[in-house]
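Undergrad: quick one, fold the following:
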Amino acid sequence: MKTGRIIWGLILVFIGSALLLSNLGVIHFYWRSIWQFWPIIFVLMGVNMLFSRSNPIVGTALAIAILIVAMLCIGYKGAHLNKHFSLRLNDEGENPISYGFDHVFSEPYVPQTDKAELNINGGAVSYYLADTTNNLFDADINQSYGNYILEKTNRNSTEILNFRMRNDSAKWDIDRTNEAKLRLNSNPVWDIHVEMGAGKTNFDLRKFKVKKLTLKGGAAAFHVKLGSSQLSSTINVEAGVARVDIQVPVASACRIHLDSGLSSKKFTGFTKQEDGTYFSNHYSTQSPQKIDINLNGGLSKFEVSRY
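TA: Numbering: from 1, shown residues only. Got it, this is the predicted structure:
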């Protein structure tokens, strides 16, 4: 059998196996990792030139060994095992209809919990929050890289939840994103802190009592809809190149403080004051509900509207 046919046969078997396992959801394979090994082509050509005439058997064996080692390296770097793989069948139990990657986190709710703090730290993650739960906290993760940790502590009668990615998780890659669907108990008064890189948040907080919300991100997108369950709320945003969209109830008095020279802004229904802040029409009156928004960004787009 010719060397070329053996090499191409091995390559086709490798690509076919990677495609099959990736389609079944057993692994995530990142094809860009292959291009890092393109110099192997010159190595194989050199081996063929050196041994094709003098000792073709040794040349063939050496070329095959080099190719196998290269494919093992590509597989190690490009293939990531889905630890939470599950095959789901239809009602008849015959044909697969979806493949699950979900990792579920939960923290039980203790009835006397009046205050809670949620700290979120992640890379390229899309966070969604809108629904309530009977637990204190639930998270369903559609996971393509990294591993998460949920830790709980207590400080001054406040339940503190730290939901973050492990320090030894896989290095972030532009091809890899995770999706997290979060649920909170609506009874406690919440402080929520989110810190991310190139991620996204879509928080509908109308069902929750949120005293303080802090959002920090680089090339991020923050979408927040605040409710009127809490008498006094503060939103702090620190962003690099981000899009920030905040909606507040029309019944709540609101003040905006902006610290950014290069960012664009659109504050519908607000009036600029002499000190540079922006007030809703009835902020200076004795409104029972007040929201303070502090925006700090480099080259971001800020939009605050009322609903």
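Undergrad: which parts of stretch 195-207 are buried?
TA: 195-196, 198-205 (16 or more other C-beta atoms under 10 Å). C-betas here are computed from N, CA, C, even on glycine.
Undergrad: same check on stretch 209-220?
TA: 209-217, 220.
Undergrad: just to revisit the earlier point, any chance of the buried residues of stretch 195-207 in CSV with secondary structure as columns?
TA: Shown next, in CSV, are the buried residues of stretch 195-207 (DSSP: H, G, I helix; E, B strand; the rest coil):
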residue, secondary structure
195, strand
196, strand
198, coil
199, coil
200, strand
201, strand
202, strand
203, strand
204, strand
205, strand
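Undergrad: so which of the residues you listed sits lowest on pLDDT?
TA: Taken together, the buried residues of stretch 195-207 show their lowest pLDDT at residue 198, with 78.
Undergrad: contact partners for the residue lying closest to it once chain neighbours are set aside?
TA: In this structure, residue 198 finds its nearest non-sequential neighbour in residue 219, 4.5 Å apart by C-beta to C-beta, 6 or more residues apart in numbering. Taking C-beta atoms under 8 Å, 6 or more residues apart in numbering, we find residue 219 in contact with 197-198, 240-242.
Undergrad: which among the buried residues of stretch 209-220 gets closest to residue 7?
TA: The closest of those to residue 7 turns out to be residue 220 (C-beta to C-beta; 45.4 Å).
Undergrad: return the distance of the closest one relative to residue 299.
TA: Going from residue 220 to residue 299 by C-beta to C-beta, to the nearest Å gives 13 Å.
Undergrad: and for residue 282?
TA: 33 Å.
Undergrad: pairing partners for the helix or strand harbouring residue 105, with directions?
TA: Taking DSSP states H and E as the criterion, residue 105 maps to strand 102-107. Applying DSSP bridges, strand 102-107 is found paired with strand 137-142 (antiparallel).
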